[in-house]
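> attaching a predicted model along with its sequence, questions to come.
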Amino acid sequence: MDVAVWDIGYLIASILFILGLKKLGHPRTAPTGNLYGATGMLLAIVVTIAQMDFGLTNNFILIGAGLAIGGLIGYVMAVRVQMTGVPEMVALFNGFGGAASALVAASEVFRRIKLSEEGVTPLPEDLDLYVAWTAIGLSALVGWMTFTGSLLAMMKLKGGVEIFGKWYRTPTWGPEWLNYVKGLILIAIVGLFYMTIKEPGNQDYVIAIIGLSCILGILFVLPIGGADMPVVVSLLNSLSGIAAAFTGFIIGNNVLIIAGSMVGAAGLILTNIMCKAMNRQLIDVLFKSFGGSDKEQVTRTKVGSDPEEVAMICDGISKCVIIPGYGMAVSQCQHQVREFADILEANGCEVKYGIHPVAGRMPGHMNVLLAEASVPYEKLIEMDDINSEMAECDVALVVGANDTVNPVARSNEGPLAGMPIIDADKARVVVMVKRSLSVGYAGVDNDLFYEDKTMMLFGDGKKMMTELISSMKEL
């Protein structure tokens, strides 16, 4: 069949990717966007398989088996994952994307080595030699670095790893001299690129590139902790797309180039947005350790309040801002939060939701949770917009958030230094739903807990919100 037919198929798949990405920009259309993207990927796979040599029966058996096993694993993971586990799963998928691209590059390397052994190697002055091997080297570097970095990011988001029944906390470690080590490794990889071009039949150089790239990925993520993890997830997502684009150049696949470039660009834009939301420079996130390994010891105490007390405070108020955090995801209380808001609105209270850009463990985490509870998107107000209204707020209900409302971020000290927060402390009354006074993900104690106007509801988020709803109905 004419090559143009396959290109048309890839073009349609690319259009579906673009439409899907566009629709992902709004919670209402996001499910349709996911469907468009999945359909585009299915079409790209079908077109790729259809243009293969049908005489290679064994290859098609392997491809079919891979599709079936991979599809089954993906379905089981998607069905079983809890909302609290979505960030870890996203990080893991980023790693798998990078590894897939790197494996394709590796297969091309060994194919070229075999050709070299058979004497079918381009001449050194042939431009194709330099372009091809550079693309292969970059795909290996970015792909394997994304793979190991994403695995470490997944373990950081999870908090650690369990080995033989024993829990090991993921470390955050990054002395200044580690940056020089990363620089030396990167220089060594570039040197190996050059050696690979000069001696394309030597696979030792390729293995060394793979090993050093894996180490580099770990070293890049190792110093990053605290509230900076959403930035890392976004950046790794971008890198997985860039690796795919390099792979597309290697094997001459247009849809890989287009899709990879789109993912890479979208990831970089999102990374930039996350950095601005945290008042960070990307170079600082990557090359400075903002902490997260040392947790402050809580020495102060605070007497908790009862749901009945909070219900009485909320009775008759005119404005309430609900500020969700990772604790809401852990307790899965978004439906109870919505029910509480409905009760307030039935009593004439204006209710809005203050959304911090890095609340949770990935961008948009809170938006997804609240959309699951059918909260109207118009009520989800971004941090910059809701802060101008916090002084008029009667009650700020903080459900499982800590770092994103911590006033210490306004100082120039500690892991949260300079990070913009939601100004919950400006509300007339602050209600904190939290299990305990323990520090947040960045390891910093929160002065807001101990203010006179703050009421603490200690306990599981779902349990506390259920009791609060019952108390509100009894008034």
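Alright, I've got the coordinates. Everything numeric in this text was worked out from a predicted model, so none of it was measured.
> ranges for the helices of the stretch 351-475 of the chain?
Secondary structure of the stretch 351-475 of the chain (DSSP state H, counting those that start in this stretch): helices located at 365-372, 383-386, 461-474.
> return the most buried member of the ones you listed.
helix 365-372 (a mean of 22; mean count of other Cβ atoms under 10 Å). No exception for glycine: its C-beta is placed from N, CA and C like everyone else's.
> show residues contacting that helix.
27, 30, 83, 86-87, 324-326, 328-329, 334, 337-338, 353, 355-356, 359-360, 377, 380 (Cβ atoms under 8 Å, 6 or more residues apart in numbering).
> show me the domain layout of the protein.
Listed domain ranges for the chain are 1-80, 96-287, 307-474 (source: automatic domain parsing).
> let me have the ones you listed in TSV, extended by distance to V298 and mean pLDDT.
As requested, those are exported to TSV (distance: least, Cβ to Cβ, whole Å; pLDDT from 0 to 100):
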stretch	distance to V298	mean pLDDT
domain 1-80	34	83
domain 96-287	17	81
domain 307-474	5	90
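> so for R300, which of those domains sits nearest?
R300 sits nearest to domain 307-474 of all the domains of the chain, at 5.6 Å, using Cβ to Cβ.
> got the end-to-end distance for that closest one?
11 Å (Cα to Cα, to the nearest Å).
> all strands for the stretch 151-300 of the chain, in order.
Ranges of strands in the stretch 151-300 of the chain, per DSSP state E, counting those that start in this stretch, are 160-163, 166-169.
> would TSV of those strands with mean neighbour count and distance to M464 be doable?
As requested, the strands of the stretch 151-300 of the chain are exported to TSV (neighbours: other Cβ atoms under 10 Å; distance: least, Cβ to Cβ, whole Å):
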stretch	mean neighbour count	distance to M464
strand 160-163	11	27
strand 166-169	10	27
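> including distance to I63, could the ones you listed go into TSV?
Formatted as TSV, these follow (distance: least, Cβ to Cβ, whole Å):
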stretch	distance to I63
strand 160-163	33
strand 166-169	38
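> nearest to V221, of the ones you listed?
Here strand 160-163 is closest among those (Cβ to Cβ), at 14.1 Å.
> nearest residue to V405 other than its sequence neighbours?
Spatial nearest neighbour of V405, chain neighbours left out: A424 (4.2 Å); criterion: Cβ to Cβ, 6 or more residues apart in numbering.
> burial check on the one you found, number of neighbours?
A424 is flanked by 26 other residues according to other Cβ atoms under 10 Å.
> going forward can the numbers begin at 219, since that is how I track them
Sure, I'll start numbering at 219, so the last one becomes A642.
> isn't it right up against V613?
No - using Cβ atoms under 8 Å as the test, A642 is too far from V613 to be in contact (10.2 Å).
> out of the contacts of helix 583-590, which end up buried?
245, 248, 301, 304-305, 542-544, 546-547, 552, 555-556, 571, 573-574, 577-578, 598 (16 or more other Cβ atoms under 10 Å).
> need the residues touching each of A642 and V613.
Joint contacts of A642 and V613 (Cβ under 8 Å, 6+ apart) are V539, V648.
> ranges for the strands of the stretch 569-693 of the chain?
Under DSSP E, counting those that start in this stretch, the stretch 569-693 of the chain gives strands at 598-600, 613-617, 647-652, 672-676.
> mind giving me the packing neighbours of the third one?
It refers to strand 647-652. helix 525-532, strand 613-617, strand 672-676, helix 679-692 (3 or more Cβ pairs under 8 Å, 6 or more residues apart in numbering; DSSP states H and E).
> sheet partners, orientation included, of that strand?
Partners of strand 647-652 in the sheet, by DSSP bridges, are strand 613-617 (parallel), strand 672-676 (parallel).
> I'd like those strands as TSV, with distance to I427 and mean neighbour count appended.
Formatted as TSV, these follow (distance: least, Cβ to Cβ, whole Å; neighbours: other Cβ atoms under 10 Å):
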stretch	distance to I427	mean neighbour count
strand 613-617	47	28
strand 672-676	53	20
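> would you list the ones you listed in CSV and tack on distance to V473?
Formatted as CSV, the strands paired with strand 647-652 follow (distance: least, Cβ to Cβ, whole Å):
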stretch, distance to V473
strand 613-617, 42
strand 672-676, 51
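> select, out of these, the one closest to V294.
Between the strands paired with strand 647-652, strand 613-617 lies closest to V294; by Cβ to Cβ that is 30.4 Å.
> so what touches that closest one?
531-532, 535, 537-543, 545-546, 551, 555, 558, 572, 608, 623, 642, 645-652, 679, 683.
> if we go to 6 Å?
For strand 613-617, contacts defined as Cβ atoms under 6 Å, 6 or more residues apart in numbering pick out 532, 535, 538-542, 546, 555, 623, 642, 645, 647-651, 679.
> so it versus helix 679-692, what angle?
150 degrees (axes from the mean of the first three to the mean of the last three Cα atoms, to 10 degrees).
> centre of the chain versus strand 613-617, how much separation?
For strand 613-617, the separation from the chain centroid amounts to 26 Å (computed by Cα atoms, centre = their mean, to the nearest Å).
> now do stretch 620-631
22 Å.
> pull out the buried positions in it.
Applying 16+ other Cβ under 10 Å to stretch 620-631 flags N620, D621, T622, V623, N624, P625, V626, A627 as buried.
> select, out of the helices of the stretch 569-693 of the chain, the one closest to A426.
The nearest among the helices of the stretch 569-693 of the chain, by Cβ to Cβ, is helix 583-590 at 38.7 Å.
> how much does that closest one deviate in direction from strand 613-617?
100 degrees.
> can you tell me the closest non-neighbouring residue to V648?
Per Cβ to Cβ, 6+ apart, closest to V648 is T672, 4.5 Å.
> typo on my end, it should be T622
H574 (3.9 Å).
> contacts only, for the one you found.
M601, T622, I640.
> switch the cut-off to 8 Å
Contacts of H574 (Cβ under 8 Å, 6+ apart): A495, I541, G543, M584, M601, A619, T622, V623, I639, I640.
> next one: it from G288, what distance?
35 Å (Cβ to Cβ, to the nearest Å).
> before we move on, back to that, dump the helices and strands packed on strand 647-652 to JSON lines, plus distance to G435.
Conversion of those to JSON lines gives the following (distance: least, Cβ to Cβ, whole Å):
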{"stretch": "helix 525-532", "distance to G435": "46"}
{"stretch": "strand 613-617", "distance to G435": "35"}
{"stretch": "strand 672-676", "distance to G435": "40"}
{"stretch": "helix 679-692", "distance to G435": "35"}
